[in-house]
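Asks: Sequence plus predicted model, see below.
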Amino acid sequence: HLATSLPLPSERDHLRPRIDLIAFMIDIKNRHSLKNVEASLAHVDASFFLGKVCFLVTGVGRVNCCSVEMNAIWKLGKVYCSPVLFCELELEGIRVATAQRLIRVLQICAGHVPGFSALSFSSLMRNSADD
């Protein structure tokens with residue numbers, strides 16, 4: 001399911017499936033996308049930041065067209081203890097690899113990978129990013 005911002009409308013709460021992962025997309029060449037993500041973060045329950053949120057940064061192939069500072073993106077990941085993934089949606093191979101990576105993250109967050117929790121996955125992602 002896709003949403004352009006949070007909070008989600010409450011009139012459809014009874015029809016909404018369980019939310020296992022929230023992937024915030026930030027377009028590196030659109031400052032408004034970062035502002036929208038920052039505004040939406042206030043509507044996410046604190047328990048989701050324990051392994052069920054990630055930031056997906058698009059447009060990284062065109063760093064010369066950046067409107068968003070990379071430090072601001074890294075800061076979001078650190079402040080919310082959530083992994084930051086980078087991709088270029090215009091390249092099919094990278095788009096497919098990113099989709100597969102997100103599906104794997106979702107499987108872990110939904111509890112479909114035995115012996116691996118969303119919290120342990122988030123911890124591994126943070127440690128690998130800090131090295």
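Replies: Cool, got the structure.

Asks: tell me the contacts of residue 7?
Replies: Contacts of residue 7 were listed using CB atoms under 8 Å, 6 or more residues apart in numbering, and they are residue 43. C-betas here are computed from N, CA, C, even on glycine.

Asks: same thing with residue 61?
Replies: With contact taken as CB under 8 Å, 6+ apart, residue 61 is in contact with 88, 90-91.

Asks: Try it again at 10 Å.
Replies: 28, 86-91, 94 (CB atoms under 10 Å, 6 or more residues apart in numbering).

Asks: In helices only, show me the residues you listed.
Replies: Counted as lying in helices by DSSP state H, out of these, are residue 94.

Asks: Dump the contacts of residue 61 to CSV, plus neighbour count.
Replies: As requested, these are exported to CSV (neighbours: other CB atoms under 10 Å):
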residue, neighbour count
28, 23
86, 17
87, 20
88, 17
89, 16
90, 11
91, 12
94, 15
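
Asks: Among the contacts of residue 61, which one sits closest to residue 119?
Replies: Taking CB to CB as the measure, residue 119 sits nearest to residue 86 out of those, at 22.7 Å.
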